[in-house]
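Trainee: Quick one, structure for this:
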Amino acid sequence: MGKITVTDDCNGIKGLKVIEPTVFGDDRGYFMETYNYNDFAAAGIDCQFVQDNQSASKKGVLRGLHFQINYPQDKLVRVISGEVFDVAVDLREGSETFGKWFGVTLTAENKKQFFIPKGFAHGFIVLSDHAEFCYKVTDFYHPNDEGGLMWNDPDIGVEWPMPEGMTADDLILSDKDKVNSSYKDYVVGK
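Mentor: Below you'll find the model as predicted:
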């Protein structure tokens, strides 16, 4: 039953994958498998997920760009309510696309998922009035293991879409995200 379609061409960045599940719908609603180990392993996503997380955010919230330092995580993310623009930045040492980013719009309606392997910074911006964001991870949360990059770092150059009626000055960031490192400082610290 739950076959998936996987897009590997994520701006030429190897490892990132956009997953679209097969949705079975009728006049009652729909059914889909959001995760099936066999289907994902066949698509090159052979991970053991150990924790599921969920967050809710209002329009204009930007979370990120976050990464783990000593306990990196593969992530499988999706939106169950609303719309976000989700971004991954390649921080894998030796990668030919180091410092490059890819973004995808995830919505409750398009049901797309985004697989982000270890070694990437990750973040998202809420474009709808409200969004619920779910993600599976392959390592447990370690509170003292978080790193972050500035969401608007010009050396990364993420092209964030702005929520309707908002500008960059209106975005809502955590205190921690307001003081994330620059990309240059991150590279120098490596």
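
Trainee: Quick one: the helices in the protein, in order.
Mentor: Applying DSSP state H to the chain gives helices spanning 37-42, 175-178, 183-188.

Trainee: Quick check: Asp27 vs Pro21, distance?
Mentor: 20 Å (C-beta to C-beta, to the nearest Å). The way it works is simple: take the backbone N, C-alpha and C, and place the C-beta from them, glycine included.

Trainee: And those two? Which one has more around it.
Mentor: Pro21 (20 against 4; other C-beta atoms under 10 Å).

Trainee: For the closest residue in space to that one that isn't next to it in sequence, what are phi and psi?
Mentor: Excluding its sequence neighbours, the residue lying closest to Pro21 (C-beta to C-beta, 6 or more residues apart in numbering) is Met32, at 4.4 Å. For Met32, the backbone dihedrals are phi -150, psi 150 (criterion: degrees, to the nearest 10).

Trainee: I'd like to know how far Met32 sits from Val6.
Mentor: 15 Å.

Trainee: Could you do Phe24 as well?
Mentor: Distance from Phe24 to Val6, by C-beta to C-beta: 19 Å.

Trainee: cool, Tyr186 as well?
Mentor: Taking C-beta to C-beta, one finds Tyr186 at 30 Å from Val6.

Trainee: In terms of neighbours, single out the busier of the two.
Mentor: More crowded of Tyr186 and Val6, by other C-beta under 10 Å: Tyr186, with 22 against 16.

Trainee: Excluding chain neighbours, what is closest to the more buried one?
Mentor: Nearest to Tyr186 is Leu149, by C-beta to C-beta, 6+ apart, at 6.0 Å.

Trainee: Ok, Ile45 next?
Mentor: Phe115 (5.4 Å).

Trainee: which residues touch the residue nearest to Pro21?
Mentor: By C-beta atoms under 8 Å, 6 or more residues apart in numbering, the contact set of Met32 is Gly2, Pro21, Thr22, Val23, Phe24, Lys111.

Trainee: can you tell me which residues contact the closest residue to Leu171 other than its chain neighbours?
Mentor: Distances taken as C-beta to C-beta, 6+ apart place Leu62 nearest to Leu171, at 5.0 Å, with adjacent residues excluded. Shown in contact with Leu62 (C-beta under 8 Å, 6+ apart): Gly123, Phe124, Ile125, Val126, Trp151, Trp160, Leu171, Ile172, Leu173, Asp177.
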